[in-house]
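In: Just to be clear, the model below is a prediction. Sequence and coordinates:
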Amino acid sequence: MKWLEIVAKHHKEHLEIVKNLGGGIYSEDVVQEFYLRLHKYGDKDKVINKEGIINGSYIYFSLRNTYLLFLREKNKIKKINIDEINNLGIEDEYISKTEALTTLENKINNEIKSWEWFDAKMFKVYRNENISYRELSNRSKISLRTIFSTLKRCKDKLRENIGEDYEDYINEDYEFL
């Protein structure tokens, strides 16, 4: 029989020792950790003498040290009260802002859909590709004057129809969108 099996025969006594130290519901875990530590670091000659008698004081101090290590590790875990998390409000603010932005973008897209095809196409290219009027003119072979007047007309329509909603978004008055 191996020496750890001899020590494990007194499992209930080991549980009682840890419970008396204050282990409570974690007593079984501490004793299992004790067995692992005993296997890794323990010296058979210190645990069991030549007559096969278990050294009780060595077992007690090993159990106590294992329990103290357990307490030290348990106290390292930072605990946060759930009320603190619920009261942060950051997530609610982020959700409100994201929903408001989505609503505003939908209104802008619906407004653009109501335009004539040339105005809508020209504005979408200008908006999505983020290019200058001159570059747009060079790429499309449309006169700079036509591009300028078309985009000016488009921007004016947006200011007239969506301007107030945009101001509400900028001022964080999301409920008015």
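Out: Here it is on my side, so go on. Residues are numbered from 1 along each chain as shown.

In: Would you mind pulling up the elements that the longest helix seen in the chain packs against?
Out: For the chain, the helix reaching the highest residue count under DSSP state H is reported as helix 144-170. Contact partners of helix 144-170 among helices and strands, from 3 or more Cβ pairs under 8 Å, 6 or more residues apart in numbering; DSSP states H and E: helix 90-113, helix 117-129, helix 133-140. (C-beta placed from N, C-alpha, C; glycine too.)

In: between the ones you listed, which gets nearest to R153?
Out: Distances from R153 to each of those were compared using Cβ to Cβ; the minimum, 6.7 Å, belongs to helix 117-129.

In: State the helix or strand in which K50 lies.
Out: Secondary structure from DSSP states H and E places K50 outside every helix and strand.

In: what are the phi and psi angles of the residue of the chain most remote from its centre?
Out: Relative to the centre of the chain, and counting by Cα atoms, centre = their mean, the farthest-placed residue is E51 at 57.6 Å. The phi and psi torsions at E51 (degrees, to the nearest 10) take the values phi -80, psi 0.

In: What of the one 4 residues further on?
Out: According to degrees, to the nearest 10, the main-chain angles of N55 amount to phi -80, psi 100.

In: How about I48?
Out: phi -130, psi 130.

In: my read: it touches N55, true?
Out: Yes: look at I48 against N55 with Cβ atoms under 8 Å: they come within range, at 7.0 Å.

In: What pLDDT does the model give E160?
Out: In the predicted model, E160 carries a pLDDT score of 94.

In: residues near it, how many?
Out: Neighbours of E160 under the rule other Cβ atoms under 10 Å: 10.

In: measure it to R153 for me?
Out: Per Cβ to Cβ, to the nearest Å, E160 is found 11 Å from R153.

In: and the angle for the longest helix of the chain with helix 133-140?
Out: Angle, helix 144-170 to helix 133-140, by axes from the mean of the first three to the mean of the last three Cα atoms, to 10 degrees: 120 degrees.

In: Hey, what's the angle from helix 144-170 to helix 90-113? Just curious.
Out: Angular relation of helix 144-170 and helix 90-113 on a 0 to 180 degree scale: 150 degrees, by the same axes, to 10 degrees.

In: Compare I48 and N55 (neighbour count), which wins?
Out: Between I48 and N55, I48 has the larger neighbour count (other Cβ under 10 Å), namely 18 against 15.

In: K78 belongs to a strand, doesn't it?
Out: No: if the criterion is DSSP: H, G, I helix; E, B strand; the rest coil, then K78 is coil and not within a strand.
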